[in-house]
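Undergrad: sequence and computational prediction follow.
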Amino acid sequence: MRLSNVIRTLRNISQLIIREKDRNRLIQKSCDLLVEGCVYEKAWLLLLDEKGQSESVNHAGFGGSETSFLEQLVAGDYPECVREFMVQDKPAISCNQPGEHHEDCVMVDSHRRQGIFRCRLEYEGRLYGVLGAIVPARALSDKEEQDLFLEVSNDLAFALAHIEKEQLRKLTEERLLRAAEEWRTTFDTITDSVSIHNRDYRITRLNKAFARMVGVELKELIGRNCFEVVHGTDEPCPNCPHRQALKDGKPHAAEFFEANLGIHLDVSASPIINEKGEVMATVHVVRDITERKKIEEDLWKSEATNRAIVSAIANMIFYIGKDGTCLDFIPGASGKPLYTPEVTVGKKIEEIFPIEIALDQMRRIRLALQTGQVQTREYTLKRLSDLIYYEFQFIPVGKDEVIALTRDITERKRIQEQLMIADRLASIGELASCIAHEINNPLTGIIGLSELILDADLPVDVREDLKTVHAEAQRTARIIKNLLTFARKQPLEKQPTDINDTISKVMQLRAYEQRLNNINITTRFAPDLPKINANTLQLQQVFLNIVINAEHFMTETHGRGTFTVTTERVGDIVRIVFVDNGPGIDRDTLEYIFDPFFTTKEVGKGTGLGLSICHGIIAEHGGRIYAQSKAGKGATFIIELPISATELKE
């Protein structure tokens with residue numbers, strides 16, 4: 001009868017295992033069934049986690065002080081008999097006879113009367129817990145009942161393992177579904193167009209951004225050829241990143257304007273490789289860069305415009321780092337740049353400029369960066385055989401760079417020198433005028449009295465001496481006259497004058513000497529040259545002086561020469577240019593050639609007043625005269641005279 005009840009109970013538990021999927025209900029109902037029908041007095045099941053720690057305790061038939069045993073199990077404070085049983089590999093079931101107990105065990109009263117079944121719930125090496133029951137003493141000797149208890153324990157262990165695996169599967173499934181949903185949400189949230197293309201160029205997956213880009217519903221794009229959708233063609237484009245990635249298994253990218261969509265695209269294709277190392281598909285990421293391209297184009301236009309504006313400035317511009325490296329260079333619009341970007345950009349300034357200039361520039365750069373103030377300095381640089389004066393302004397830009405703005409001040413220097421000469425000549429002219437007037441009065445008396453005395457009857461030797469006095473007085477008078485001319489103190493009668501005709505007459509006067517000295521004359525007269533208001537005789541004196549000087553130095557140097565005279569109109573002035581191929585004038589001498597009594601001719605061959613008088617005459621006419629020359633390169637004299645007001649009105 002008892003064995004039948006046990007079998008029926010175990011059968012009920014087996015049916016429970018089949019239909020019950022909730023772990024806690026399964027354990028609790030199993031404990032209840034073991035006690036129901038008076039099969040066992042008490043039953044309990046200690047459930048362990050993967051680490052062997054107490055997770056829960058289900059029970060049936062317990063009451064009174066014996067519940068403290070259950071509390072011990074929940075707390076993991078196992079009685080010695082349970083602890084020893086849990087660490088044994090065998091037997092899977094243990095049976096305790098009545099009276100076999102520890103004196104301190106809370107179940108001592110039950111153990112005095114009845115026996116105990118304990119069975120480990122193990123499956124595939126995992127200990128899920130321990131099933132225990134208080135059994136009648138006679139059950140301890142019934143091998144069949146022990147086997148049945150072990151069988152139900154094994155079934156429960158299997159059921160627990162199955163439920164755990166099912167829970168894990170569901171959890172994994174849920175996580176996968178959640179991850180898939182998160183991935184899909186992320187995939188569709190990406191603003192770039194993302195798609196997967198197989199080896200046949202067909203689209204297998206894509207996000208919403210791709211569908212929006214091509215203007216086609218997402219579901220209608222699956223399975224279509226990518227080149228048909230994007231390019232509107234029947235075959236892939238030549239530089240297709242997908243094709244290249246399929247070929248070599250490496251990522252590829254391309255930027256291009258897609259006429260079919262009317263936008264600029266940045267396309268990348270990354271290979272998807274299987275376990276055999278074969279490329280099965282590629283992930284396409286397409287970004288619409290139309291706005292970026294527009295910004296780049298606007299920036300390029302802006303930069304090009306700024307560079308064109310800067311390049312139109314005659315000044316050279318250097319961008320220099322704090323270490324003295326030239327970062328950029330704009331030659332300017334001067335027409336004859338001293339440097340080019342090829343020989344400046346990326347070079348240290350000591351590789352560009354002479355070392356003494358470079359060292360001074362570095363001092364200026366450091367000072368500009370330290371103080372934040374513009375540093376200005378003048379330098380003399382050489383272009384071929386010419387000396388060019390430059391003004392450098394070192395302008396700090398941030399903490400690490402300066403802009404060196406340069407300006408060619410050679411012409412300004414030349415004008416300054418001419419102004420200094422003009423100022424010096426004016427001072428000398430005032431002095432000469434005073435001296436000439438002071439000398440002129442007594443000199444007039446000497447000339448007059450000597451003429452009267454010469455009319456008297458004088459001894460021959462006295463008469464000869466007196467003639468010498470009279471001649472020297474006359475020569476002194478001529479010098480005084482020249483001084484007054486230089487000082488611009490004589491009144492001038494001016495009238496409209498044809499410059500071409502005036503020069504022609506001077507050249508006719510010198511034609512014989514020029515042929516005699518093998519001097520070749522070239523004239524380039526501007527036709528219809530406006531007349532100027534001038535004293536013709538004085539201009540002839542100026543032109544004659546320049547021509548005679550040129551003849552002298554060309555003949556002395558070469559025994560022959562070439563002389564060119566050019567006239568032209570420049571704005572409201574007439575410019576006359578005399579060019580010879582004589583020995584030239586060195587820089588030091590050029591500064592003083594218009595000074596009175598300065599001459600490079602031998603003693604007795606010049607007074608040094610010729611060019612100073614020319615300067616005075618031209619200045620009196622409201623014009624200017626200056627020279628350009630280098631030693632060994634001939635000389636050029638330039639005269640500029642204002643066109644008469646009458647001619648300008650016409």
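TA: Looks like it arrived, so ask away. Numbering: from 1, shown residues only.
Undergrad: all contacts plus neighbour counts: C-alpha atoms, from now on.
TA: Noted.
Undergrad: what about residue 265, which SS state?
TA: Judged by DSSP: H, G, I helix; E, B strand; the rest coil, the three-state class of residue 265 is strand.
Undergrad: burial count for it?
TA: 18 (other CA atoms under 10 Å).
Undergrad: just list the residues touching it, thanks.
TA: Applying CA atoms under 8 Å, 6 or more residues apart in numbering to residue 265 gives the contacts 255-258, 286-290.
Undergrad: quick check, nearest of those to residue 242?
TA: residue 286 (11.8 Å; CA to CA).
Undergrad: who wins for neighbours among the contacts of residue 265?
TA: residue 286 (22 neighbours).
Undergrad: go ahead and confirm that residue touches residue 193.
TA: Yes: contact criterion CA atoms under 8 Å: residue 286 and residue 193 qualify, at 4.9 Å.
Undergrad: restricted to helices, list the contacts of residue 265.
TA: Per DSSP state H, helices hold the following members of the contacts of residue 265: residue 290.
Undergrad: give me the subset of the contacts of residue 265 lying in strands.
TA: 255-258, 286-288 (DSSP state E).
Undergrad: reformat these as TSV; add pLDDT and distance to residue 436.
TA: Output for the ones in strands among the contacts of residue 265, formatted as TSV (pLDDT from 0 to 100; distance: CA to CA, whole Å):
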residue	pLDDT	distance to residue 436
255	88	88
256	87	88
257	89	88
258	87	91
286	89	95
287	89	92
288	88	91
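Undergrad: now, which of the contacts of residue 265 sits nearest residue 60?
TA: Nearest member of the contacts of residue 265 to residue 60, counting by CA to CA, is residue 286, at 66.5 Å.
Undergrad: beta partners for the closest one?
TA: Here residue 286 sits in beta bridges with residue 193, residue 267, as judged by DSSP bridges.
Undergrad: now do the SS call for the spatially most central residue of the chain.
TA: Geometric centre of the chain, nearest residue: residue 327, 9.9 Å, by CA atoms, centre = their mean. Per three-state DSSP, the secondary structure class of residue 327 is strand.
Undergrad: OK, contacts around it?
TA: Counting by CA under 8 Å, 6+ apart, the residues that residue 327 touches are 318-321, 345-346.
Undergrad: residue most distant from the centroid, the protein?
TA: residue 457 (101.4 Å).
Undergrad: against residue 463, how distant is that one?
TA: Computed as CA to CA, to the nearest Å, the residue 457 to residue 463 distance reads 9 Å.
Undergrad: and residue 127, by the same measure?
TA: Residue 127 is 160 Å from residue 463, by CA to CA.
Undergrad: and residue 630, by the same measure?
TA: 52 Å.
Undergrad: what about residue 169, how many neighbours?
TA: So residue 169, with other CA under 10 Å, has 12 neighbours.
Undergrad: so which helix or strand takes in it?
TA: helix 143-189 (DSSP states H and E).
Undergrad: that helix - contacts with which helices or strands?
TA: helix 2-19, strand 115-123, strand 126-135, helix 208-214 (3 or more CA pairs under 8 Å, 6 or more residues apart in numbering; DSSP states H and E).
Undergrad: quick check: angle from that helix to helix 2-19?
TA: Calculated by axes from the mean of the first three to the mean of the last three CA atoms, to 10 degrees, helix 143-189 forms an angle of 10 degrees with helix 2-19.
Undergrad: how far off centre is helix 143-189?
TA: Mean-position distance between helix 143-189 and its chain equals 61 Å (CA atoms, centre = their mean, to the nearest Å).
Undergrad: next, the angle strand 126-135 makes with it.
TA: Going by the same axes, to 10 degrees, helix 143-189 is angled at 140 degrees with respect to strand 126-135.
Undergrad: right, and residue 622 touches residue 639 too?
TA: No: using CA under 8 Å as the test, residue 622 is too far from residue 639 to be in contact (10.9 Å).
Undergrad: those two: who's more crowded?
TA: Each of residue 622 and residue 639 has its neighbours counted (other CA under 10 Å); residue 639 has more, 20 against 13.
Undergrad: now that one: how far from residue 463?
TA: Taken as CA to CA, the span from residue 639 to residue 463 is 47 Å.
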